[in-house]
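[1] Structure for this input, please:
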Amino acid sequence: MTTTEPVGVLVRRWRERRGRSQLDVSLSAELSARHLSFIETGRANPSRSMIERLCDELDVPLRERNAFYLAAGFAPVHTERALTDLGAARAAIDAVLAGHEPNPALAVNVRWELLTANQAMTAFLHGVPEELRTPPVNVLRATLHPDGLSRQIRNLAQWRAQLLRRVRRQLARTAAEGLAGLLAELEAYPVPREPAASTGARPVDDLVIPMRLATEHGELALLYTTTVFGSPRDVTLDEISIETFFPANPETAQILRSMSVAPSVPTTDGRA
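    The predicted structure is shown next:
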């Protein structure tokens, strides 16, 4: 990782990204507003501990924190290991995915590239065209692309809107490289028409927005949750999220139990 910007520029950019004043940040990080101003204008260089305090206060992702350290003349603090080198953390990911069968589950990085998935999830992705399944598989592209899973999503307008909101929030929080381009691509896909209002009562819709997916086995209604690691110290681990889907009704639960397992989809580490 290299950076050509002064550390003060990075501090100011992330402070402004969070919509916070110098006074607010200085009080919370326990330094004077004058000192923070000097850091931002390059009149003072922050110590390692000061960088850590400011990054904690501004909720800066670990990848960007390394850029802070480099800009201030220090070595990066946070490692970036391969997924296969994450030891107990990788074992935990595999345990969550395997334990979630027969419900779909997958792990993605900050750019929504598929890292690994359980067999139930690969069954859904198997019907996606090959060009959308070539590693690294981007899960959002495979979902919203006109030739992808979008063809099967009954409430596509609703599902698309909530996914795009999530990516916008993620971009605002992380400023992750490549995420702005992905968002622009997803927003450029054809916008589906809103379906006519349904007269049937669907209690789950009052709680969350399920994905309603048409399959050869019947229509599935799926809820999802997102799991991240607490207090990560590694960049790779900081950027991983585990997406787990749950049946929103008994019919979906029965279909998931009875579905046959499809051939696997390659992931970024070569695992099925």
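
[2] Next up, the contacts around the residue nearest to residue 153 when sequence neighbours are not counted.
    Once flanking residues are discounted, residue 153 sits nearest to residue 159: 5.5 Å by CB to CB, 6 or more residues apart in numbering. Glycine gets a C-beta too; all of them are placed from N, C-alpha and C. For residue 159, the contact set (CB atoms under 8 Å, 6 or more residues apart in numbering) comprises 153, 209, 211-212.

[3] what does residue 183 give?
    Residue 183 makes contacts with 164, 167-168, 171, as judged by CB under 8 Å, 6+ apart.

[4] and which of these is nearest to residue 72?
    Distance to residue 72 across the contacts of residue 183 (CB to CB) is lowest for residue 171, with 25.4 Å.

[5] Quick one: list the elements packing against the lengthiest strand in the chain.
    Secondary structure of the chain per DSSP state E: the longest strand is strand 218-227. When contacts are defined as 3 or more CB pairs under 8 Å, 6 or more residues apart in numbering; DSSP states H and E, strand 218-227 sits against strand 211-215, strand 241-247, helix 250-258.

[6] Pull out the buried residues from it.
    Within strand 218-227, the residues scored as buried using 16 or more other CB atoms under 10 Å are 220-224.

[7] Check what contacts that strand and list those residues.
    Against strand 218-227 from outside (CB under 8 Å, 6+ apart): 96, 104, 154, 204, 208, 210-214, 241-249, 251-252, 255-256.

[8] Could you pick out the buried ones from those?
    Among the contacts of strand 218-227, the ones that count as buried by 16+ other CB under 10 Å are 104, 210-213, 241-249, 252, 255-256.

[9] Then residue 63 would be within a helix, right?
    Yes. Counting by DSSP: H, G, I helix; E, B strand; the rest coil, residue 63 is located in a helix.

[10] mind checking pLDDT for it?
    Residue 63 carries a pLDDT value of 97.

[11] what about the residue lying closest to residue 61 once chain neighbours are set aside, how many neighbours?
    Residue nearest to residue 61 in three dimensions, not counting chain neighbours: residue 174, with 5.0 Å by CB to CB, 6+ apart. By the criterion of other CB atoms under 10 Å, residue 174 has 19 neighbours.
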